[in-house]
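Novice: Sharing a model that was predicted from the sequence below.
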Amino acid sequence: MSMIGEFTEARARPRLSGSGIFGLALLSLLGSFALVGPVVIPTDPAAQDFSASLAPIGGDYLLGADHYGRSLLARLAHGARLSFGLAFLTMLAAALPGVLFGLVAAWKGGWIERLMELLATVVLALPGLMLVLLLLAFSPGNYGPLFLGLSLTLWVEFYRVTRATSKTILAQLHIEAARVLGFGSGYILRNHVLPVIAPTIATLAAFAMATAIIAVSTLSAISVGLQPPTPELGSMIVELLPYYAEAPLHVLMPAMLIFLLVLGLQLVAEGDRG
Amino acid sequence: MGNFLVARLAQAAIVTIVVGALSFVLIRILPGDAAMRIAAGRYGPDASITEAAAKVRLELGLDRPVAVQFLEWLGNLLRFDLGHSLVTAAPVVHELQVQLGASAWLAAAALTLSILIGPAIGVLSGLRPGGVADRLGLAGAAIFRAMPPFVLGLLLMLVFSKQLSWLPPAGFGSPREILLPALTLALGLAAMSSRVARNSVAAVVKAPYFAFARHKGLPEAVVVRRHGLRNAAIPVVSYLGLQAIYLVEGVVVVESLFAYPGIGHALVHAIIERDVPMVQGTALVMGLMFVAIAALVDAISLWLDPRLRRTA
Amino acid sequence: MNVRTAIQELSVSGLAVESAAGRVVSDISFTIGRGRPLTLLGESGSGKSLVAQAIMGSLPPELRATGKVRLDGNDLLAGSRGVQRRLWGREISLLPQEPWLALDPTMRVQGQVAEVHRYVKGRDARRSRQLAAGNLGEVDLPGAGRLYPFQMSGGMAQRVAIAIAHAAGSDLLIADEPTKGLDAALRDSVTARLRQEVENGRLLLTITHDVAVARALGGMVGVMLNGELIECGPAERQLSAPTHDYSRALLAADPESWSRQAPTTPGGVVLAGYGLAKAFGEASLFADLNVEIRAGEIVAVVGPSGCGKTTLGNILLGLVKSDSGSVERRNDLPALRYQKLYQDPPSVFAPHQPIRKGLADLARLHGRSWNVVERLVSRLRLQSSLLDRLPGQISGGELQRFALVRALLLEPVFLFADEATSRLDPVSQREVVAFLLEIVRETGLGVLLVTHDRHLAERISNRVIDFAQ
């Protein structure tokens, strides 16, 4: 739940490294599976067919079927879309206020900054997952508290990094120099601040999405997140686990998908950092 | 020097207030008779439960402002009067005592294992950046970091319990049972700390003070012992502070996965059963455990790095 | 104590340093004897540090030294690198660049001196501590052993490095840019200390880009350019009558050797401060200070770092508020015509913005045509190809001239030049100053010149405000 990484220094965006390109390719592949898959695969991910229970890979069902005879291909595609979509929305809901508050706190200082800092301290006092768990207690198995809890924890990282980086930039002499030359705040924001923080924010966004994907699947896997029959990757793994002896690959496929999603995001994030 | 202590105490206070406030709201919005539920949570399910409920209902009366009720709730919390479980009816404190021991063991075992694995790989990688050990370390770290703890735990369980039958898949009581959950957490922690250690070692080896120690004529072993180890350890230890988050979150997940009878497992169960006093008690203890680990890391960092004692 | 005869002479002949791509340093020959230190002068990239590293045996692995380096007849390059390394801390000591970075940040200074006695000389722990305390006393730092490096000033750290060399008791001292990052007063105390080492019979090789250091150390001076030693001879001769063109340019660029060339026809007052006072906390920087700057004159402010020179300029520009007093500007002119030139040019340009974009935006903002910009650019002899680079991709001297272009575009009546040439190499400094003087004469610009370089201030200003008193 913590976005691990040290983002103290900001520098020009270097070209993506080799692993960054690999991550980007991986993400594009998985992204199109998540976007296009649910549209072109006609099978309903919830449609049960008991005659096809635990159908093997490569038969009538391309990637087999689960114990209820539901198409795993369809379920994986919907699961990928759910993970990606929820992670993306969560990231947006965290990044927008986080970056905005960070800029305002750095720019204005004073009581606004102190208030923001207090808010961040309060949110960070508990590990993020604990906060999400406490909110989930209000309404287990629903999107609302999950989304709210994740965004609530993740915005802090955006806020703190934006504030710290912007504060450093704003204290630099090129800002004073630009003001002496007559440039206004809007120009300084666009040309002096944003180009420096943008790559860092992009990195954070990728990490935040990876964190959200891990959290969503983990919470369903321990039965407090989204509940079956929702085609969620984490709960698919747990549902299929009892049938591991008969169909080991069925269990491993959703696990692999989570792994690749997170790996792709982390590689892109790190490639960004150069 | 006292600053960090004040900050950690403040953090502990915030943890208590956040957990208390959420539980306070939670117990009031659950469906059913709130008074009955609160009475059961507060006094335990004895024969006089209905009377108690009546008393509570009187207390909860609209004439009393919410703020007063909340302060009273927090007051109980501060006295560590956590009430009774709504499910088992046992006092929450009793349950926590047993579970805390189990969780502390798990966390300690995981942390120890990760410190044995992570920095060792990091040092090997950092001494020759770009070498074989570094590349292997990087790949390993990338793979293990991309694996959520529950997936990693499942894989370990499948390999060591189901395929090889070396270790029990679940339970508690013997070192064999703690090994799989601890290893799951340790691998995740080590994946991250190995890279921090690697960067730190690589930076120290390039540092001007390291070169100067050689130029002074000190033997290589003395250079490493006197000027390498401490400096390289500083970022690794302060990173452990960040890892405390991963550790506490991981304990919740891994305990649930391996049915390991610790506080994290209890917390998840309490949430599923909406046993508010238990939710509050377990969340509070886990939150405070997190603060305690962070405070310990602070203390070690202060001891290692005189620059942090500057203001003292 | 071990009895051993002191080394009399370091003699280098035909020394070259090679990389895979070819020679980077070639044919270096000189001799250092007792009482005759050698100072190698040169710009960064001239190869002077590589010479020091070749003698020391600390070249990066991709570089190789050939030729002869004899310490009293023993050829150091004949053996393996391990042989040279065995001399470290015994026969040869290095005074590092930026010693505050070369000391271990997490160890008390005493231990860093004592470990030489303990692990190089093999003495016991107690004796090592006593001797280390003595070494620190010798460099006027008695009792500083309890301090950590971050608790010391740059000058103190440099003295600790010398104490470490004393502990080693080695006869050859190699000082690599020992005054880098120090201001004039500290620089003089370090060179005085080095002189003392020479008088105590040590052989001294100093690497520097600072002519003043070479002058203060005396002995022999060598000038390096593009990996070659173009001249080498007694300091008196080298620093007064050099033969090589480059050495002449190098010396001519030193403000000390300039002729006085202050502008002569001041006009009306463009900016004035009366009764100014400023304090940070308890420490008062200045009080009841009056200053007037007239059109077409240069007023210099000199003093050591931290004395409030820059703060005065910032108060006059309105960037900092004074505690008391008043600043008077010509009220018929907009604030934009009061401009500032900064010390460190790379830090005053938006790092991600090509120069051209910054200048174009500035011209558009103030309704100037691009032709004006181009005229100024060529006037300051800046190639227009530089316009498309990022600030980090061009030299400090060029960037400072672009900063001047920016300021001049706004037709300033007043310019606050805050140590505007102190980070530039001597030749670039001279060029920028020459342009500034031209512009002052032509446009009647009034300049407040803040500098720590007294010679520079005296040579080009009409009046000097001295903060040292």
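Specialist: Received the coordinates, thanks.

Novice: Contact partners for residue 268?
Specialist: No chain was given, so I picked chain A. With contacts defined as CB atoms under 8 Å, 6 or more residues apart in numbering or on different chains, the neighbours of residue A:268 are A:16, A:20, A:23-24, A:27, A:206. (Glycine included, C-beta is placed from N, CA and C.)

Novice: hm, I was asking about chain C
Specialist: C:294-295.

Novice: Neighbours of residue C:314, how many?
Specialist: Counted by other CB atoms under 10 Å in any protein chain shown, the residues lying close to residue C:314 total 20.

Novice: Identify the residue spatially nearest to residue C:431, adjacent ones excluded.
Specialist: Closest residue to residue C:431 apart from its sequence neighbours, by CB to CB, 6 or more residues apart in numbering or on different chains: residue C:397 at 6.6 Å.

Novice: Show me how chain B divides into domains.
Specialist: Domain assignment for chain B by automatic domain parsing gives B:3-78, B:95-272.

Novice: Quick one: closest of the ones you listed to residue A:138.
Specialist: Of all the domains of chain B, domain B:3-78 sits nearest to residue A:138, with 6.1 Å by CB to CB.

Novice: end-to-end on the closest one?
Specialist: Domain B:3-78 has an end-to-end distance of 23 Å (CA to CA, to the nearest Å).

Novice: ok, now stretch A:217-226?
Specialist: Across stretch A:217-226, first to last residue, CA to CA, it's 8 Å.

Novice: returning to what we had before: which of the contacts of residue A:268 scores worst on pLDDT?
Specialist: On pLDDT alone, residue A:16 ranks lowest of the contacts of residue A:268, at 59.

Novice: Would you mind listing what in the stretch 151-274 of chain A touches chain B?
Specialist: The stretch 151-274 of chain A comes close to chain B at residues A:210, A:214, A:217-218, A:221-224, A:234, A:237, A:241, A:244-245, A:248, A:251, A:255, A:258-260, A:262-263, A:266-267, as judged by CB under 8 Å from any CB of the partner chain.

Novice: which of the residues you listed count as buried?
Specialist: A:210, A:214, A:217-218, A:221-224, A:234, A:237, A:244, A:251, A:255, A:258-260, A:262-263, A:266-267 (16 or more other CB atoms under 10 Å in any protein chain shown).

Novice: Let's see which of those residues end up in helices.
Specialist: Using DSSP state H, the subset of those located in helices is A:210, A:214, A:217-218, A:221, A:234, A:237, A:251, A:255, A:258-260, A:262-263, A:266-267.

Novice: Show me what the helix or strand encompassing residue C:164 is packed up against.
Specialist: Per DSSP states H and E, residue C:164 falls inside helix C:154-168. Counting contacts by 3 or more CB pairs under 8 Å, 6 or more residues apart in numbering or on different chains; DSSP states H and E, helix C:154-168 is packed against strand C:92-95, helix C:99-102, helix C:109-115, helix C:125-138, helix C:184-199.

Novice: The following helix or strand past the longest one near chain B at all?
Specialist: Think helix C:184-199. Note on helix C:184-199: by DSSP H and E, the next helix or strand toward the C-terminus is strand C:203-208. No - Strand C:203-208 is not in contact with chain B by CB under 8 Å from any CB; minimum separation 14.1 Å.

Novice: any idea of the mean pLDDT for strand C:203-208?
Specialist: 92.

Novice: I'd like to know which elements it is packed against.
Specialist: strand C:9-19, strand C:22-33, strand C:38-41, helix C:48-56, strand C:172-176, helix C:184-199, helix C:211-217.

Novice: and those, which is most packed in?
Specialist: Comparing these by mean neighbour count (mean count of other CB atoms under 10 Å in any protein chain shown), strand C:38-41 comes out on top with a mean of 26.

Novice: Report how far apart the opening and closing residues of stretch A:213-233 are.
Specialist: First residue to last in stretch A:213-233 (CA to CA) measures 10 Å.

Novice: hmm, back to that, which of the domains of chain B is buried the deepest?
Specialist: When you average the neighbours per residue for each of those (mean count of other CB under 10 Å), domain B:95-272 leads with a mean of 20.

Novice: Determine how far that one lies from the middle of the whole chain.
Specialist: In terms of CA atoms, centre = their mean, to the nearest Å, the centre of domain B:95-272 is found 13 Å from the chain centre.

Novice: for stretch A:36-56, same thing?
Specialist: Using CA atoms, centre = their mean, the offset of stretch A:36-56 from its chain centre is 27 Å.

Novice: Just the pLDDT for residue C:95.
Specialist: pLDDT, residue C:95: 88.

Novice: Nearest residue to the middle of the chain?
Specialist: With no chain named, the answer covers chain A. For chain A, the residue nearest the mean C-alpha position is residue A:209 (1.2 Å; CA atoms, centre = their mean).

Novice: sorry, should have said chain C
Specialist: Geometric centre of chain C, nearest residue: residue C:180, 5.1 Å, by CA atoms, centre = their mean.

Novice: That residue: what's its closest spatial neighbour, skipping adjacent residues?
Specialist: residue C:97 (5.4 Å).

Novice: which residues sit in contact with the one you found?
Specialist: Counted by CB under 8 Å, 6+ apart, residue C:97 has contacts B:208, C:176-178, C:180.

Novice: Same list (these) but as a markdown table, adding pLDDT.
Specialist: As requested, those are exported to a markdown table (pLDDT from 0 to 100):
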| residue | pLDDT |
| --- | --- |
| B:208 | 90 |
| C:176 | 88 |
| C:177 | 85 |
| C:178 | 85 |
| C:180 | 75 |
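
Novice: ok, which pair from those is furthest apart?
Specialist: The farthest-apart pair in the contacts of residue C:97, when distances are taken by CB to CB, is B:208 and C:178, at 13.9 Å.

Novice: Could you give the separation of the helix holding residue C:164 from the chain centroid?
Specialist: So, by CA atoms, centre = their mean, the centroid of helix C:154-168 is 20 Å from its chain's centroid.

Novice: State the mean pLDDT of it.
Specialist: According to the model, helix C:154-168 has a mean pLDDT of 86.

Novice: Can you list the buried residues in that helix?
Specialist: C:154-168.

Novice: Restrict it to CA atoms and write it as CSV.
Specialist: The C-alpha trace of helix C:154-168 is given here as CSV (Å, rounded to 0.1, in the frame of the first residue of the first chain):
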residue,chain,number,x,y,z
GLY,C,154,35.4,24.2,5.3
GLY,C,155,38.6,25.7,6.6
MET,C,156,38.6,23.5,9.7
ALA,C,157,38.0,20.4,7.6
GLN,C,158,41.0,21.3,5.4
ARG,C,159,43.1,21.6,8.5
VAL,C,160,41.9,18.2,9.7
ALA,C,161,43.1,16.8,6.4
ILE,C,162,46.5,18.3,7.0
ALA,C,163,46.5,16.8,10.5
ILE,C,164,46.0,13.5,8.9
ALA,C,165,49.0,14.1,6.7
HIS,C,166,51.0,14.9,9.8
ALA,C,167,49.9,11.7,11.4
ALA,C,168,51.1,9.8,8.4
